[in-house]
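Chemist: I'd like to go over a predicted model; first the sequence, then the structure.
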Amino acid sequence: MKALHTQALSKYFGGLRAISDVSLEIEEGERRAIIGPNGAGKTTLFNLISGFLYPSSGRIFLFGHDVTNQPIHKRMTLGLSRTFQVTNLFPNLTLFDTILLGVQALNRVWFCFYRPIKSFQEMIIQTEVLLREWNLWEKREMLIKNLSYGEQRQVEVILALAPKPHFLLLDEPTAGLSPPETALMISIIKRLPPDITIVLIEHDMDVAFEIANKITVLHFGSTLAEGPLDQIRGNPKVTEIYLG
């Protein structure tokens, strides 16, 4: 079964063509990078897949389920999770409480209003495990706003992983990071369980080629090229749009 299958996906904003007839087939457990210059339609494609936008035409299938017109929360219950290009966290929450909120997001405990969330030990333990795995346990009482930008990007990835997704969309996970922070983020992504399908948008081609085993290149909203790393690396059209 394909993790993701899009059929002739298009999105228009008035007279602007953002995405045009994009068809993707992504296998379960695959690491796919979506690359292309600014304005190629990468984030619009992510927004269509995750339900933040609905397509003008075409179909979207997630693990065999037609989710073309399904809302965001329905796609999440099928195992989809994502990060965003711009960090969007609650600055005045502690790191621990931020991750705890992520852990309980798809848990039925959010229907329970008569018990404090910290009385649910299973979620407390899961939060601790996540923070320890990412070497952030010692900073659990720090406010989000006092973490470094690189740490905040890590928190976004942790939040995306908290509901134990099967399909993870990463929108420029290394954007704005220093070289050491970028190297750490690459290492973290590469260590994720192999059964999680990962699709990432990345402007840095070195990062894309380090993480992915297959690349899709978008240009003016259409698929310019697609294939394994060596095929994309040697494609003259890809070289032209990046280097002119």
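Modeler: Okay, I see it. Numbers count the residues shown, from 1 in each chain.
Chemist: Phi and psi next, for Ala40.
Modeler: phi -80, psi -20 (degrees, to the nearest 10).
Chemist: Mind listing residues that contact the helix or strand where Arg75 lies?
Modeler: Arg75 is part of helix 72-77 when elements are defined by DSSP states H and E. Contacting residues not belonging to helix 72-77 are listed as 50-52, 62, 67, 106, 163 [Cβ atoms under 8 Å, 6 or more residues apart in numbering]. For glycine as for every other residue, the C-beta is placed from the backbone atoms N, C-alpha and C.
Chemist: what do you get if the cut-off is 10 Å, keeping everything else the same?
Modeler: Contacts of helix 72-77 from elsewhere in the structure, counted by Cβ atoms under 10 Å, 6 or more residues apart in numbering, are 49-52, 60, 62, 65, 67, 70, 80-82, 105-106, 163, 165, 167.
Chemist: For it, list the C-alpha coordinates in CSV.
Modeler: Provided in CSV are the C-alpha atoms of helix 72-77 (Å, rounded to 0.1, in the frame of the first residue of the first chain):
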residue,chain,number,x,y,z
ILE,A,72,-7.0,18.1,9.2
HIS,A,73,-8.1,16.1,12.3
LYS,A,74,-9.3,13.2,10.1
ARG,A,75,-5.9,13.0,8.4
MET,A,76,-4.2,13.1,11.8
THR,A,77,-6.2,10.0,12.9
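Chemist: ok, back up a step: buried subset of the contacts of helix 72-77?
Modeler: 49-51, 60, 62, 67, 70, 80-82, 106, 163, 165, 167 (16 or more other Cβ atoms under 10 Å).
Chemist: mind listing which of the residues you listed are in helices?
Modeler: Secondary structure from DSSP state H places 49-50 of the buried ones among the contacts of helix 72-77 in helices.
Chemist: so can I have CSV of the buried ones among the contacts of helix 72-77 showing pLDDT and distance to Ala18?
Modeler: Putting the buried ones among the contacts of helix 72-77 into CSV (pLDDT from 0 to 100; distance: Cβ to Cβ, whole Å) gives the following:
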residue, pLDDT, distance to Ala18
Ile49, 97, 13
Ser50, 96, 15
Gly51, 96, 16
Ile60, 98, 15
Leu62, 97, 21
Val67, 97, 19
Gln70, 95, 20
Leu80, 95, 21
Ser81, 93, 23
Arg82, 92, 18
Leu106, 57, 30
Pro163, 82, 28
Pro165, 91, 25
Phe167, 97, 22
